[in-house]
Structure formats: structure tokens, C-alpha cells
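Enquirer: Pasting the sequence and the predicted coordinates here, then a few questions.
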Amino acid sequence: MSDGTPAAGAPAAEPLPMVVPAPDLPARVRIHEVGPRDGLQNEQTAVPTEVKAEFIRRLADAGLTTIEATSFVHPKWVPQLADAEELFPQVAGLPVDLPVLVPNERGLERALSLGASRIAVFASATESFAKANLNRTVDEALAMFEPVVARAKDSGAHVRGYLSMCFGDPWEGAVPVHQVVRVCRALLDMGCDELSLGDTIGVATPGHVLELLSALNERRVPTAALGVHFHDTYGQALANTLAALQHGVTTVDASAGGLGGCPYAKSATGNLATEDLVWMLRGLGIDTGVDLGRLTATSEWMAARLGRPSPSRTLRALSHKEQ
């Protein structure tokens, strides 16, 4: 008769990392979940609005407290998110923060009319990407965002400034640190509450991350106002995240199941998978409030609806253990 102890060699019911805290790391990290917006915007097939809403509800149930819901961009540019007006009211009552991306004043009007209270704008650190993504120069894009940010703040909204191509650009190559710092400083000066530093094509390495963060601090950009957004093109996303944590960053963008890319940068692969991030943070003893089991179940559910397996290594490992 069994006493309930697993037989020798039998796997634990729920594989979890051993918790070994490292020095000088934050006690808690806020995960800014971007799967429903950044993750789905590059899908080739249409995702029904009901599925998106259920995805967001399941992510909230898994313990994620910031879930980027959609984008109020013109449907011609991002057809996958053309249902923003239909989707947002279905999830607006959830007890979580639901940021939405707005490209201009018209997008802001649409978002505010539905009660959105957390707004994001999307700028570029490079001229080539600003031209490809916004059909403007960097300075012209900043000028376009200034009234958007001002009006959002006047409405009481929290404003996040995304900055893409912070580490490398597919047309221009490595991006000078001072160039990134200049645009970050401009976004803060116009009123953004926080910035997300995007490694849009996934070329950053830890030393580069630390150099940029230090340079930002020298220009009076506080670490508390910074989040990081890494893509895993070269397998560096977790290493870069750890470097950012060591510098004091406590906000990390991630996408459930590793969904996402960038429709304007074809070399960009998926975002850092939320499951992989949670596994690492749990092993470091860093609190996220996220239930890993519920999160992986949610990502598996969405992968089934998209008709392909998730690229998340943690999700694949846990799914294999259960088989």
C-alpha cells in the first residue's frame, strides 16, 4: 500500500524551480502582459473577439494585473485589432489594469469614449523605423504624440511610452545609446508616466542593456519609470531581463505563450514568453502574483485556437511532464 510518497524516480506532481534568491534583486516584479495586443496583432488569421475576451479573462484569473487589451489604430494598418470598440467593453469590468495603444488623437478619442484609463503611445528611436511604422521622422512623431499625451493626462489617464528599436534596427544596425536617451527624455518631458524600452528585433545583450539603463539615469530618467520589452530572436531575452533586474527595473513586458512579433520588422520573432519569465522569477524568489499552472493552461488554450504549438520552453516542458 502506498503512503503517498512518490516512488523513486517518479516526477513531482507539479515541477517547480528550487527557490534560490540572488542578492540585490527586487522583491516583486510587475509583469506587463502584452499577449492580447502585441501577441495577436501579427496573426495571419482572424481571432474572434470572443476568444480575445476570454484570453484576457483567463490571464486575469491567472494573477496578471496589467494586461494590454488592444489597440485603437486604424483597421487598415492592424486588421487583427479592428474590433477594439467591440472587445474593450467586454473586459473593462475586470479588476486589472487594461492599457490600450493609441496612435494619434483620433485613437485616443475612441479609447477615452469607452472608459480606458491607461493609454500607450508607440515611438521609435530610429528614423528608419519611424518612417516604416508611422510614416514620419522621429521628431515629427514626437510632435504628433505631444497633444495625445497632454489630452490623456488632462483626462486623468496613465500614459506609457513605448520606444522601439532601442538596441538595434534592421535598416540602421546598432542604435547609439545617446540616440535612445534623447527620445526617452522627450517622452518623459511631454508627460509619459513610464517608458518601455523595446528590443524590437531581439539583438540586445546584457552589457548593452546595462549601458543604456545607466545612460538614462545620467540624464535623470529614473529606473522606477522604466520597463523592459525583450524579444527572444537570439535567445537573449531572459539574460537581458536579469541584467535589467540587477539594475533595479521592476516592470517587465512579456507575452503569454511567447506570442508576437512586429508587423513592421520582419526579423522580429516572438516576445519573451510570460511562462519563461515567471519560472525564472519564481526560482529567484521574486514575487509576481502569477499562478504558473493557470498561466500555462491559458497559453495552451490559446495555442489550440491559433492551431500551432507555443514557442515557450517552460510551457512545452510542463506540458511534456503532464503527458
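Expert: Received the coordinates, thanks.

Enquirer: could you pull out the helices for the stretch 151-300 of the chain?
Expert: 177-189, 206-218, 237-247, 274-283, 292-306 (DSSP state H, counting those that start in this stretch).

Enquirer: check contacts around residue 199.
Expert: Contact analysis of residue 199 by Cβ atoms under 8 Å, 6 or more residues apart in numbering lists 166-168, 228-231, 237, 240. All C-beta spots, glycine's among them, are computed from the backbone N, C-alpha and C.

Enquirer: same thing but at 7 Å, please
Expert: Applying Cβ atoms under 7 Å, 6 or more residues apart in numbering to residue 199 gives the contacts 166-167, 229-231, 240.

Enquirer: Bridging across strands, which residues link to it?
Expert: residue 230 (DSSP bridges).

Enquirer: Quick check: the gap between it and residue 215.
Expert: 15 Å (Cβ to Cβ, to the nearest Å).

Enquirer: do the same with residue 179
Expert: From residue 179 to residue 215 the distance is 10 Å (Cβ to Cβ).

Enquirer: what do you get for residue 114?
Expert: Residue 114 is 38 Å from residue 215, by Cβ to Cβ.

Enquirer: list the contacts for the residue lying closest to residue 69 once chain neighbours are set aside?
Expert: In space, residue 69 comes closest to residue 98 once its chain neighbours are excluded; the distance is 4.5 Å by Cβ to Cβ, 6 or more residues apart in numbering. Counting by Cβ under 7 Å, 6+ apart, residue 98 touches 67, 69, 91-92, 118.

Enquirer: What is the nearest of those to residue 252?
Expert: Relative to residue 252, the closest of the contacts of residue 98 is residue 67; by Cβ to Cβ it sits at 13.9 Å.

Enquirer: Burial check on that closest one, number of neighbours?
Expert: Residue 67: 25 surrounding residues under other Cβ atoms under 10 Å.

Enquirer: now swap in the one 4 residues further on and tell me
Expert: Other residues near residue 71 come to 26 when the count uses other Cβ under 10 Å.

Enquirer: Please report phi then psi for the nearest residue to it once chain neighbours are set aside.
Expert: Nearest non-adjacent residue to residue 71, counting by Cβ to Cβ, 6+ apart: residue 101, 3.8 Å away. Note on residue 101: its backbone torsions stand at phi -90, psi 140 [degrees, to the nearest 10].

Enquirer: List the residues that contact residue 101.
Expert: Contacts of residue 101 by Cβ under 7 Å, 6+ apart are 37, 71, 73, 120, 122.

Enquirer: Kindly report the same for residue 191.
Expert: Counted by Cβ under 7 Å, 6+ apart, residue 191 has contacts 149-150, 153, 159.

Enquirer: Make JSON lines from these and add distance to residue 47 and neighbour count to it.
Expert: Below are the contacts of residue 191 laid out as JSON lines (distance: Cβ to Cβ, whole Å; neighbours: other Cβ atoms under 10 Å):
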{"residue": "149", "distance to residue 47": "30", "neighbour count": "23"}
{"residue": "150", "distance to residue 47": "33", "neighbour count": "13"}
{"residue": "153", "distance to residue 47": "32", "neighbour count": "16"}
{"residue": "159", "distance to residue 47": "27", "neighbour count": "25"}
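
Enquirer: Looking at these, which is nearest residue 62?
Expert: Nearest member of the contacts of residue 191 to residue 62, counting by Cβ to Cβ, is residue 159, at 26.2 Å.

Enquirer: wait, that closest one sits on residue 193?
Expert: Yes - under the criterion of Cβ atoms under 7 Å, residue 159 makes contact with residue 193 at 5.4 Å.

Enquirer: thinking again about what came up before, mind checking which of the contacts of residue 98 are in strands?
Expert: 67, 118 (DSSP state E).

Enquirer: What degree of burial does the nearest residue to residue 122 once chain neighbours are set aside show, as a neighbour count?
Expert: Spatial nearest neighbour of residue 122, chain neighbours left out: residue 162 (4.5 Å); criterion: Cβ to Cβ, 6+ apart. Per other Cβ under 10 Å, the neighbour tally for residue 162 reads 25.

Enquirer: where's residue 162 relative to residue 306, distance?
Expert: 24 Å.

Enquirer: need the contact list for residue 245.
Expert: For residue 245, counting by Cβ under 7 Å, 6+ apart, the contacting residues are 25-26.

Enquirer: sorry, that was for residue 24
Expert: By Cβ under 7 Å, 6+ apart, the neighbours of residue 24 are residue 246.

Enquirer: From here on, call the first residue 467.
Expert: Okay, residue one is now 467; in that scheme the one you just asked about reads as residue 490.

Enquirer: check which helix or strand covers it.
Expert: Here residue 490, judged by DSSP states H and E, is contained in no helix and no strand.

Enquirer: coming back round to it: for the contacts of residue 567, which one is nearest residue 766?
Expert: residue 503 (20.1 Å).

Enquirer: can you give me phi and psi for the closest one?
Expert: phi -100, psi -70.

Enquirer: count of residues packed around it?
Expert: Quick note: residue 503 (other Cβ under 10 Å) scores 26 neighbours.
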